[in-house]
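Undergrad: Have a look; sequence and predicted model below, questions after that.
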Amino acid sequence: MSLGYYFLLPVLFSFLTPYFKKLGSFTLRGSSILLSLVLFLQTVAYVGVKLPQISQFSIKPPLGIAFILDGYSLLFLLIFTFSALVVSFYMYWFFEENSGRDEARFYVFFNMLIAGSIGMILSCDIFNLYIFFEITGICSYTLSAFNKDKLGLESGIKYLIIGSIASIFIVFAIMLIYLQIGTVNLGLIAQRFHLIDPKISVLIVLMLFIGFGAKAELFPMNFWAPDIYQGSISSVNGLFSSVVAKAYLFVFFHLFYLFNLGSKYMLFVMVIGAITFLVSEFTALNQTNVKRLFAYSTLGQLGILFMALSTNSSQTVSGALFHLTSHSISKLLIFLALGILIHKFKSAKIDILGNFKSGFLTIVLAIGFLSILGIPPFSGFVGKILILKGFALSQNYTAIAFILLVSIVEAIYFFRLTAMMLDKKRAKVTVKVGSVNYIILTLLAVLIILFGVYPSLLTHYTDLATNALLHPTNYLNYALGVGL
Amino acid sequence: MLDFFNNTQTIHMIIIIGSMALFFIGFYGIATQKNLVKVLVSFDIMESALFLFFIGLHYQVGLVAPIVDKNLKTFTSMVDPVPQAMILTTIVIGLAVLALGLSFGIEYYKLTGRNDISKMNELRD
Amino acid sequence: MNLKKVLPLKHIVLSLLSSALLLSVVGLLMQVKTDMFKNVGTIYLNLNMQTAAANAVTSVVTFFRGIDTVGEVTVLFLATSGVALMLSATQRTCDKVVKQESFILNAGSRLLLSVIILFGVYIIIHGHLSPGGGFQGGVVIATAFLLLFLANPNMKLSHGILTLGESLSGATYVLVVIIGLFKMNILLGNFLPHPIGEIGELISGGIIPVVYILVGIKVGSEMSVIVEYFVKEDYYKEVCDA
């Protein structure tokens, strides 16, 4: 199957959605699940195939646009399609409980959100990437305003304003690149980037940094993120945390290593990542809304990832990619489980974590919390240890001390939450978990434990991804159309 | 006098100054205006400035639009078509985002009676 | 008149800051266009004879960078869905009818409707020969409906037909992209015959006019829907809430 289908099939589905809607809501939900399943199985079929794979449009690159799948994008593709599959099962339950919502339009935006994120990681043309950036953007604005209440619309408007600023800077950067080197193909830009006039080059890097950094929730530009998490429904929060933020992070580091900015800007990105981590974890301490709390926790984890991914050393980057995968699974688990609680209590105050009675939910939530915190035998532990080991090998002891110290702050609120759940004195309300949710939450929890106990299941793919990220020779050859 | 303007360098200089002035008018609007509609219009001004900048810099004296007709049989001495195609795409995207933003604004105004972005602060702890 | 009230300090500071940034950016950009490398556009111009489309911008938009256009159409579709999601709920509940404004205005707008739509269709189907194309023509068609709404507030569009046109043209566009894979072994291949000798004729260029006609139908119906939602918003506020 050609890589183009990752974009074309969701588009076809979205265009035909009004007719699926007429066939009844079961057909609509079923076809969305089927679409996610097909894309996930297709991705699984790429595991073990010789990479990179290419799918061309109209004319051979570097003249035309192509989708390229290398080891780095394969890891992200697996995360994205898996998250999409899980969330589309979860939405079946959500719409059974909340009838009267505009289901058809939700599925349009949901599927195009995934398709846009996948397009961003596959495209080898920076202008084409910008279009996928906008598709993802428009879907996220609308999904965060999906509730159509005051809070939802406010978060939608804020996201739209931030997104417009980011896209103006990215368009400006693309224009400067085209004016300087006369092409928008990533391979050719990577080849010629060092020939750009140094002053203009700094301007381009700054603009791309503002554009993608604002969307990837980096420090000076991430004040909006918790607001948006608070205003949207919790399954959408799960997608924002495990798919959309990761897609922007992918693009950020893909361009970072393709344009070979490591030597000049490494320290800068590392410091920004460290500040993001520090500020977010301290702000998370006194939050009283669970969605905001986990939004700040997501920002903190992204800070660690920015610190570790910018190091240009293969051990640290591989550890960071492991941590990223583990974080995606854990945050998806936490947000989906919280969605059940928020639906039951009609509130997102932090007290709901102490007021429910359900052995299953307590266990899966505890697994998610402890995994993000980095307690063995869960996957978050392995991720953090691999990152620390990588820093130790490159003798960066400041970073190790910093991560460990800030993790203590993280531990305070995660242990507080876990203790609150286990507190027997509080008034408890029994929460029932439907059979579909039972299965998907168990699946996610099992994956967390599995990767924690047998890290080698995942390290193989993170090593492949690291190799493709740090040494993109094959990718460049394909993007330049050599040997096609 | 007209010869002075019939010079690629001069035209490019005028376009850079004009479009960047427009760009920073939009920037000023975003920084100072509080009405949501005005903010969205400021974004549009910034985008228009970029379109002008990009299209203008690819014009050179003596080049014509990239279309062949009865008098012009080959694709030579024509302006670069790629910037025009890219700008066409960006215009449509800008329009789409503007329409979406306005519809959010209308719905928000119906619920609260406000369109002041500095007063949108209900999302907090 | 109090100067401080008209022009607060913040505005003065920000305008000075903008001007300073303006000067520095202009200085930086003075030499931004270089001829270090051959632009990809020049290569497209040399290759353009093979596509048999007289308008090189059209062949770049629909063929060389065709997948951009699929994405662009999707962006517009998503924005339309978003606008409909936001504004449709309040608009379906009111069925009041206002008195007709004026017979002449109504008849005149209907008379103009056909002319404007014809002009839009002309722009769409000559997209590969002259400036214009699917997006521009689609927007011209939407202005015809805007005129109709302004002249007659009771006017309603048939959403069934618009949705049909939009869905079918969009789906056909995606199928055209996929058929290229089977016929030419490359997505979005130009699989229809496009002899170079026919350049400048109405039927030339293979899939290029087909794509622009599909885009034109889709953009026309989507823009009409957006225009309807925004115009009706005012109308419902005045008529139904009173």
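TA: Sure, I can see it.

Undergrad: contacting residues for residue A:60?
TA: Listed by Cβ atoms under 8 Å, 6 or more residues apart in numbering or on different chains, the contact set of residue A:60 reads A:481, A:484. Any C-beta I mention is one placed from the backbone N, CA and C, and that applies to glycine too.

Undergrad: what's the answer for the one 10 residues further on, then?
TA: Taking Cβ under 8 Å, 6+ apart as the criterion, residue A:70 is in contact with A:51, A:52, A:468, A:472, A:474, A:475, A:478.

Undergrad: May I ask which of the residues you listed has the most neighbours?
TA: Per-residue neighbour counts (other Cβ atoms under 10 Å in any protein chain shown) across the contacts of residue A:70 peak at residue A:475, which has 27 neighbours.

Undergrad: And the helix ranked longest in chain C, what's buried?
TA: Ranked by number of residues, the top helix in chain C under DSSP state H is helix C:207-239. Of the residues in helix C:207-239, those buried by neighbour count under the rule 16 or more other Cβ atoms under 10 Å in any protein chain shown are C:207-233, C:235-236.

Undergrad: Pick the one among the contacts of residue A:70 closest to residue B:103.
TA: Within those, the smallest distance to residue B:103 is 39.9 Å, found for residue A:475 (Cβ to Cβ).

Undergrad: What is the nearest of the contacts of residue A:70 to chain C?
TA: Distance to chain C across these (Cβ to the nearest Cβ) is lowest for residue A:478, with 14.7 Å.

Undergrad: Tell me who's in contact with the closest one.
TA: Taking Cβ under 8 Å, 6+ apart as the definition, contacts of residue A:478 comprise A:52, A:54, A:61, A:66, A:68, A:70, A:124, A:187, A:484.

Undergrad: just the CA coordinates of the host helix or strand of it, formatted as CSV?
TA: Taking DSSP states H and E as the criterion, the element that holds residue A:478 is helix A:473-479. Below are the C-alpha coordinates for helix A:473-479, written out as CSV (Å, rounded to 0.1, in the frame of the first residue of the first chain):
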residue,chain,number,x,y,z
THR,A,473,21.7,10.1,4.7
ASN,A,474,19.2,7.7,3.4
TYR,A,475,16.3,10.1,4.0
LEU,A,476,18.2,12.8,2.1
ASN,A,477,18.9,10.5,-0.8
TYR,A,478,15.2,9.7,-1.1
ALA,A,479,14.2,13.3,-0.7
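
Undergrad: is any part of the lengthiest helix in chain B close to chain C?
TA: With secondary structure taken from DSSP H, chain B has its longest helix at helix B:81-112. Yes - Helix B:81-112 lies in contact with chain C when judged by Cβ under 8 Å from any Cβ of the partner chain; the contacting residues are B:81-86, B:88-89, B:92-93, B:95-97, B:99-100, B:102-104, B:106-107, B:110.

Undergrad: Go back to these and keep what's next to chain A.
TA: By Cβ under 8 Å from any Cβ, the members of those lying near chain A are B:82, B:83, B:86, B:89, B:93, B:96, B:97, B:100, B:104, B:107.

Undergrad: out of the residues you listed, which one sits closest to residue A:149?
TA: Ranked by distance to residue A:149 (Cβ to Cβ), those are led by residue B:107 at 9.8 Å.

Undergrad: In this structure the closest one contacts residue C:86, no?
TA: Yes - contact status for residue B:107 versus residue C:86: in contact at 4.8 Å, counting by Cβ atoms under 8 Å.

Undergrad: what residues are shared contacts of those two?
TA: Between them, residue B:107 and residue C:86 share the contacting residues A:145, A:148, judged by Cβ under 8 Å, 6+ apart.

Undergrad: Buried residues of the helix or strand containing residue A:446, list them for me.
TA: Secondary-structure assignment from DSSP H and E places residue A:446 in helix A:435-453. When neighbours are counted by 16+ other Cβ under 10 Å, the buried residues of helix A:435-453 are found to be A:437, A:440, A:441, A:443, A:444, A:445, A:447, A:448, A:451, A:452.

Undergrad: Same check on stretch C:76-93?
TA: Within stretch C:76-93, the residues that count as buried by 16+ other Cβ under 10 Å are C:76-87, C:90.

Undergrad: quick one, strands of the stretch 201-350 of chain A?
TA: Listed from the start of the chain, the stretch 201-350 of chain A has no strands (DSSP state E, counting those that start in this stretch) to report.

Undergrad: Can you tell me which residues in it are near chain B?
TA: Within the stretch 201-350 of chain A, the positions adjacent to chain B are A:226, A:227, A:230, A:231, A:286, A:287, A:288, A:289, A:292 by Cβ under 8 Å from any Cβ.

Undergrad: ok so, going back, mind checking which of the residues of helix B:81-112 next to chain C are buried?
TA: Taking 16+ other Cβ under 10 Å as the criterion, what is buried in these is B:81-86, B:88-89, B:92-93, B:95-97, B:99-100, B:102-104, B:106-107.

Undergrad: show me where pLDDT drops low in chain B?
TA: Low-confidence segments of chain B (pLDDT under 70): B:125.

Undergrad: Please report how far the spatially most central residue of it lies from residue A:73.
TA: Nearest to the mean C-alpha position of chain B, counting by Cα atoms, centre = their mean, stands residue B:48 at 1.4 Å. Counting by Cβ to Cβ, to the nearest Å, the gap from residue B:48 to residue A:73 is 35 Å.

Undergrad: ditto for residue A:181
TA: As it turns out, when the distance is counted by Cβ to Cβ, residue A:181 lies 24 Å from residue A:73.

Undergrad: Among these two, which residue is more densely surrounded?
TA: The neighbour comparison of residue A:181 against residue A:73 (other Cβ under 10 Å) goes to residue A:73, with 28 against 21.

Undergrad: mean confidence for the helix or strand containing that one?
TA: Assigned by DSSP H and E, residue A:73 falls within helix A:71-97. Along helix A:71-97, the predicted local confidence has a mean pLDDT of 93.

Undergrad: Tell me which other helices or strands that helix touches.
TA: Using 3 or more Cβ pairs under 8 Å, 6 or more residues apart in numbering or on different chains; DSSP states H and E as the contact criterion, the secondary-structure elements in contact with helix A:71-97 are helix A:25-46, helix A:103-122, helix A:234-239, helix A:245-258, helix A:314-345, helix A:435-453, helix A:456-470.

Undergrad: avg pLDDT for the fourth one?
TA: The average pLDDT within helix A:245-258 is 94.

Undergrad: where are the low-confidence patches of chain C?
TA: C:1-4, C:90-95, C:100, C:241-242.
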